[in-house]
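Trainee: coords please:
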Amino acid sequence: MGEDKVVKLSPSSARVLVYIDWSQKLLEKYDTHPLETLPEVLKYGPVTKKARTEPLSLYTCLEAFLREEPLVPEDM
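Mentor: So this is what the prediction gives:
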């Protein structure tokens, strides 16, 4: 196997991107096919913020939090 490397990260690191180079022997030992269908959890691109037409107030937040949501058949 390869050599172990320790990488120190600063506490302010927002994200870490890891590349792993598997040997053919390890690829045969472990079933990596489930890794090919993982859901996308982070989309890269510019963040678009929805513009508010009215100022945000505590009352508006509480009202939105307490608003009843309609259930769809999958939720029942």
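
Trainee: Can you show me the helices along this structure?
Mentor: 24-29, 58-66 (DSSP state H).

Trainee: can you redo those as a markdown table with mean pLDDT and mean neighbour count?
Mentor: Just so you know, the C-beta spots here come from the backbone N, C-alpha and C atoms, and that holds for glycine as well. A markdown table is the format used below for these (pLDDT from 0 to 100; neighbours: other Cβ atoms under 10 Å):
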| stretch | mean pLDDT | mean neighbour count |
| --- | --- | --- |
| helix 24-29 | 84 | 10 |
| helix 58-66 | 91 | 9 |
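
Trainee: Distance to Glu74 added to these, as JSON lines?
Mentor: Output for those, formatted as JSON lines (distance: least, Cβ to Cβ, whole Å):
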{"stretch": "helix 24-29", "distance to Glu74": "38"}
{"stretch": "helix 58-66", "distance to Glu74": "23"}
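
Trainee: Which one, of these, ends up nearest to Glu40?
Mentor: Among those, the nearest to Glu40 by Cβ to Cβ is helix 24-29 (23.1 Å).

Trainee: From the contact counts, what lies against the closest one?
Mentor: If contacts are counted by 3 or more Cβ pairs under 8 Å, 6 or more residues apart in numbering; DSSP states H and E, helix 24-29 sits against no helix or strand.

Trainee: Could you check how far that helix is from the centre of its chain?
Mentor: Relative to its chain's centre, helix 24-29 lies at 28 Å (Cα atoms, centre = their mean, to the nearest Å).

Trainee: gap between the residue positioned nearest the centre of the chain and Asp4?
Mentor: Nearest to the mean C-alpha position of the chain, by Cα atoms, centre = their mean, lies Val41 at 3.5 Å. Distance of Val41 to Asp4, given as Cβ to Cβ, to the nearest Å: 27 Å.

Trainee: go on, Leu17?
Mentor: For Leu17, the distance to Asp4 - Cβ to Cβ - is 19 Å.
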